[in-house]
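Colleague: Turn this into a model:
(2 chains)
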2 protein chains.
Amino acid sequence: MPEYKAPLREIKFVMDELLDMPSHYASIPAYAEVATPDMVDAIIAEGARFCEQELAPLNRVGDIEGCKRNEDGSVTTPTGFKEAYAKFVEGGWPSLAHEEEFGGQGLPESLGIVISEMVGSSNWSWGMYPGLSHGAMNTIDQHGTAEQKNTYLTKLVSGEWTGTMCLTEPHCGSDLGILKAKAEPNADGSYSITGTKIFISAGDHDMAENIIHIVLARLPGAPEGTKGISLFIVPKVMPNEDGSLGNGNAVECGSLEHKMGIHGNATCVMNFDGAKGWLIGPENKGLNCMFTFMNTARIGTALQGSSAMEASFQGALAYAKERLAMRSLTGPKAPEKAADPIIVHPDVRRMLLTQKSLNEAGRALVYFASQQNDIVKKAASAEERKEAEELLSFLTPIAKAFLTEAGCEATNLGMQVYGGHGYIAEWGMEQLARDTRIATIYEGTTGIQALDLLGRKVLMTQGASLRTFTKMVHKFCKAESGNKELSKMIKPLVEANKEWGDLTMKIGMSAMKNRDEVGAASVDYLMYSGYMVLGYFWARMAKVAQEKLAAGTSEEDFYKAKLTTARFYFTRILPRTRMHAATMTAGAASLMDMDVEHFAFL
Amino acid sequence: MPEYKAPLREIKFVMDELLDMPSHYASIPAYAEVATPDMVDAIIAEGARFCEQELAPLNRVGDIEGCKRNEDGSVTTPTGFKEAYAKFVEGGWPSLAHEEEFGGQGLPESLGIVISEMVGSSNWSWGMYPGLSHGAMNTIDQHGTAEQKNTYLTKLVSGEWTGTMCLTEPHCGSDLGILKAKAEPNADGSYSITGTKIFISAGDHDMAENIIHIVLARLPGAPEGTKGISLFIVPKVMPNEDGSLGNGNAVECGSLEHKMGIHGNATCVMNFDGAKGWLIGPENKGLNCMFTFMNTARIGTALQGSSAMEASFQGALAYAKERLAMRSLTGPKAPEKAADPIIVHPDVRRMLLTQKSLNEAGRALVYFASQQNDIVKKAASAEERKEAEELLSFLTPIAKAFLTEAGCEATNLGMQVYGGHGYIAEWGMEQLARDTRIATIYEGTTGIQALDLLGRKVLMTQGASLRTFTKMVHKFCKAESGNKELSKMIKPLVEANKEWGDLTMKIGMSAMKNRDEVGAASVDYLMYSGYMVLGYFWARMAKVAQEKLAAGTSEEDFYKAKLTTARFYFTRILPRTRMHAATMTAGAASLMDMDVEHFAFL
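Modeller: Modelled structure (predicted):
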């Protein structure tokens, strides 16, 4: 198992030096008092300790044991999961980024994301239990009635209860318009929910005394399609009026899925058999309300890609320094040993630096998105909120799809650095690859995110959404146009930034003639966008490092390594846009010409 | 579980129409009589039946059950594996491509590879047992004494016994120069072998009464490094002079590895504790002899990538035609249904066509390499043999590394087409991805193959090795230079063929100044080469299809689909060379500048 050590220096670099979170927190009235630099540092340090000591040791346990459905239908989580959750609750972690009114600490989401990253790197499967709760809380907070908040939100915030998100059914996932679960109104104002939901993460478990399901279902006579879906709160155990727990509800885990990875998380088939629930938000507007949940979940899933990269990189780096094989092509580097450590070999370094450069800029992207989220939620000025919302909306599909694809690449590179040992369970590297593989699928596949980005966000706004970002890039590049040391970063960034707009225009024009051009270009467009966004953050990180070095610092090595990694990114990773630029403009015909019946002649 | 159906039409296309195997067999005296078109067809049809009916149904069983090490140290394979092997032996399959002198059928290796492909697509883990035997047979055939052949080869050819390949030790895999296993000479001419070997595929099992280990070890006083390694035959059970089985040997499976995939194959830690063995080949030349085994194994592993693509493609295609989600962007295609089948969506087609185009050209490459192998082994003319050997030597690392990387991509795309269901074990798609993941690692990682290609094959021959292939491409393109219908394939092929040489020259020049430039460019160079080689085969396949259509055919759809797939490849896949061309010339500095201690600041 690779030992996880929270990358505190890297976190601090992005938080303080790149994104200036201290000023950001100070500028938002809701956070100015609570998110002071000392407090933020103390929370991150304590979170690091918890992840390193409590969660990381359980990661492989979770993979080996998985979850167990007992004869009575209850679900048991792997050894230690329940105890770790109790400590998590005791430490007040679930309440971190929630409203004080309901028992929360009122701290910013962007601080919560730092904790989530460390949780994710140390034990993603475990982290999904509180992760799903977090989404349920945001949904109830935003759409629930005062009574619903009092009844459910307080218990979720305290961590006594956890939450889930029940969307998918056996016949539909991406296409929720065809979902079948029914909600029949009862005389008391509640509803009876009936239907089968699948792939329900944290759907049932033994870590909390109650589970609050957020469920999509149809009211009688509701319109067909996505406009006839409503959202319901369905508790596992009915709460009494005094807050104590009453009878069990008619909802049960029918079975656990056998999955490639994330074994520690209970992925349940949930059977709702006339379960009692309450409408949340307006009738037939369920999907809109659910988007609150989904957007939280999408940034959360982006974090899965990004946090797995860190874990895999740490494991691969340790092994590459230790494992001996062959001599360096330029002569022995460790002549006293039987062979050189494999980190002397250029190709091993290529793999490590690929992990590292995707990982560090990925963190910058996630934290930046989360910073925008703080603004959306709490900034005083409406204009600032609007701008942040546009930026966040543009970046969400990129962060989700690109960072999870990058996470798959990086965790597979981590295995590859280990050679044969990478394929062996005990080393932990293959678990990271298996666990991460789900991330490009759930919460909307890469294909779905790509359509959201190119179709819904970029083309439907006539490119305005893209321009919120390219303007930022342009402004930065213009300011640095005389910066000779960084010219090899600024120049390709300027070119690609322009090309990005040109490509968008080109696809937009073809899409006017043939709507399939959008789907035909979308994934390449998304990947191109991802490399560009990370390129922007690398250039900015390089600029920070350059300034620190110029000003004089006791951490020369750290900042020089930033510049070296940035150069690697521009030399070795950004050129991938060459391929995506070519293929995204290849046209739909290359995909659509094949007759459905001619794909195979078997 | 995706149902496997042997792609007989595709196999026939490559065998008969692309590579003209009938003439090839007729031209080689050893095969002219035995490998007649009727015989070849009958064997392939029977092999297809065996794979579809006997092996495919055991694929998931193998994954779920895995192998078991019993208290007495013996190993039990999954339910049905042993019985399937008995039928395989009964059908005479192990003897197919081996010499009649030792009980073989004397059929060409290139026919054996067709059977191996179908075995691989239906159940790779099972296929590894006879696969390893095949390599052991080739090694004994080429390097063994007459007595060794009589004692061991006959029993391996009949399938009564199986074989293994014991190279790796806990501290060394790629770098065999530092291996430690010892061989002490005994008075009777035998040797006592002592040491631990790991990752031994099919190392122990219950499918055959004896297992012949081919083992690398050092003689006393042998030179250090790779020049002091000898090769030994070490039977699990000692054969008596009359061919019956005698006492057990001091070799035992110490434990089974817990792996990401290929659970059905027993991957053993093998302990040799003074086990009796016999030298095979000259003293201290073991590594040279082992290369026979490794070259067989490398094409065999290429086949793992290629055969997995077929299996995953079949599964993904079936699902894409059946699964309903969303409407086509250009309007409903199945208005009578709740939604359109997902194959209407461009991005789903992109994934399917990527699988398909890599798969079909991958098959062409493997069969072509195997055709060269026939020539190397049996052609009458020394000149033909030499030419084929050069070509095979150049193509082996490309086939091994590129097709296994492509196999990983394709099996992951197969999962992606299934959405959430792709991550669920019951559908079988994630098993294909897990099983295939080992292929870029064992028998020499992608990095090792890349160094073999660029360093050993291409640069050490001053590019001569590359020219054996580029000349073929050039000749083909020149002949087709007036072919207007194929001009969009021929033109990029001509350009890239020239660029390939230019890039080689450029890297060769930098490597003269700094040897690290080879390692820094190698994997990108290999991937570039792979896309080029497949591009060449696509152009040739397109040419065949064009000719058939021009001549008039009852299979218009089949040949048109070939042209459509070829166009897809040139439009959507070949442009990946743009990225590799840029990164392979990026220089070693981008990788070597980072100080070992500055990769992370934890």
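Colleague: ok, then the element right after the helix or strand hosting A:Val157?
Modeller: Using DSSP states H and E, A:Val157 falls within helix A:154-158. Remark: after helix A:154-158, the chain's next helix or strand is strand A:161-166, criterion DSSP H and E.
Colleague: Restrict that following strand to CA atoms and write it as PDB.
Modeller: This file holds the C-alpha atoms of strand A:161-166, laid out as PDB (Å, rounded to 0.1, in the frame of the first residue of the first chain):
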ATOM      1  CA  TRP A 161     -27.700  10.800   9.600                       C
ATOM      2  CA  THR A 162     -26.300  10.400   6.100                       C
ATOM      3  CA  GLY A 163     -27.900  11.000   2.700                       C
ATOM      4  CA  THR A 164     -28.100   9.500  -0.800                       C
ATOM      5  CA  MET A 165     -29.100  10.500  -4.300                       C
ATOM      6  CA  CYS A 166     -31.600   8.200  -6.000                       C
END
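Colleague: for it, packing partners?
Modeller: Using 3 or more C-beta pairs under 8 Å, 6 or more residues apart in numbering or on different chains; DSSP states H and E, the elements in contact with strand A:161-166 are helix A:109-143, helix A:154-158, strand A:191-201, strand A:210-217, strand A:267-279, helix A:286-322. To be clear about C-beta, it is placed using only N, CA and C from the backbone, and glycine gets the same treatment.
Colleague: residues of the helix or strand that that strand is followed by that come out buried?
Modeller: Next along the chain after strand A:161-166, taking DSSP H and E as the criterion, comes strand A:182-185. Under the neighbour-count criterion of 16 or more other C-beta atoms under 10 Å in any protein chain shown, strand A:182-185 has A:182-183 buried.
Colleague: Near A:Asn284, how many other residues are there?
Modeller: Residues lying near A:Asn284 (other C-beta atoms under 10 Å in any protein chain shown) number 17.
Colleague: Isn't it up against A:Pro223?
Modeller: Yes - using C-beta atoms under 8 Å, A:Asn284 is in contact with A:Pro223, at 6.7 Å.
Colleague: Which element, helix or strand, includes A:Thr411?
Modeller: Secondary structure assignment for A:Thr411, by DSSP H and E: helix A:382-417.
Colleague: Please state the offset of that helix from the chain centre?
Modeller: Helix A:382-417 sits 7 Å away from the centroid of its parent chain (C-alpha atoms, centre = their mean, to the nearest Å).
Colleague: Stretch A:470-481 too?
Modeller: Relative to its parent chain, stretch A:470-481 has a centroid offset of 27 Å by C-alpha atoms, centre = their mean.
Colleague: how about the residue of the stretch 51-200 of chain A found nearest chain B, phi and psi?
Modeller: Relative to chain B, the nearest point of the stretch 51-200 of chain A is A:Asp175 (4.0 Å; C-beta to the nearest C-beta). For A:Asp175, the backbone dihedrals (degrees, to the nearest 10) come out as phi -100, psi 80.
Colleague: all strands for the stretch 1-150 of chain A, in order.
Modeller: Secondary structure of the stretch 1-150 of chain A (DSSP state E, counting those that start in this stretch): strands at A:68-69, A:75-76.
Colleague: got a markdown table for these, with mean neighbour count too?
Modeller: Below are those laid out as a markdown table (neighbours: other C-beta atoms under 10 Å in any protein chain shown):
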| stretch | mean neighbour count |
| --- | --- |
| strand A:68-69 | 15 |
| strand A:75-76 | 18 |
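Colleague: Looks like A:Ala297 contacts A:Gly135 (just checking).
Modeller: Yes - between A:Ala297 and A:Gly135 there is a contact under C-beta under 8 Å: 5.2 Å.
Colleague: where in chain A is pLDDT low?
Modeller: Along chain A, the model assigns pLDDT under 70 to residues A:1.
Colleague: Okay, domains of it per the record?
Modeller: As given by automatic domain parsing, the domain ranges for chain A are A:294-364+A:382-449, A:453-590.
Colleague: of these, which approaches B:Thr301 most closely?
Modeller: For B:Thr301, the closest of those is domain A:294-364+A:382-449, at 13.0 Å, according to C-beta to C-beta.
Colleague: how long is that closest one end to end?
Modeller: Terminal residues of domain A:294-364+A:382-449 are spaced 12 Å apart (C-alpha to C-alpha, to the nearest Å).
Colleague: any residues in contact with both of A:Ala297 and A:Gly135?
Modeller: Common neighbours of A:Ala297 and A:Gly135, using C-beta atoms under 8 Å, 6 or more residues apart in numbering or on different chains, are A:Met165.
Colleague: so how far is the strand or helix carrying A:Arg437 off the chain centroid?
Modeller: According to DSSP H and E, A:Arg437 maps onto helix A:429-437. Its chain's C-alpha centre and that of helix A:429-437 lie 15 Å apart, by C-alpha atoms, centre = their mean.
Colleague: now what about the helix or strand following it, what contacts it?
Modeller: Where DSSP H and E defines the elements, the next helix or strand beyond helix A:429-437 is helix A:446-451. Defining contact as C-beta under 8 Å, 6+ apart, one finds that helix A:446-451 is touched by A:174, A:298, A:397-398, A:400-401, A:404-405, A:440, A:518-519, A:522-523, A:525-526, B:345, B:347-348, B:416.
Colleague: And stretch A:279-291, by the same measure?
Modeller: Stretch A:279-291 is contacted by residues A:139-140, A:142-145, A:148, A:165, A:167, A:176, A:183, A:191, A:214, A:216-217, A:219, A:222-223, A:226-233 when judged by C-beta under 8 Å, 6+ apart.
Colleague: How about stretch A:43-62?
Modeller: With C-beta under 8 Å, 6+ apart, stretch A:43-62 has contacts from A:1, A:3-6, A:8, A:11, A:77-81, A:84, A:87-88, A:91, A:93, A:96, A:107, A:111, A:114-115, A:118-119, A:121-127, A:263-265, A:425, A:428, A:431.
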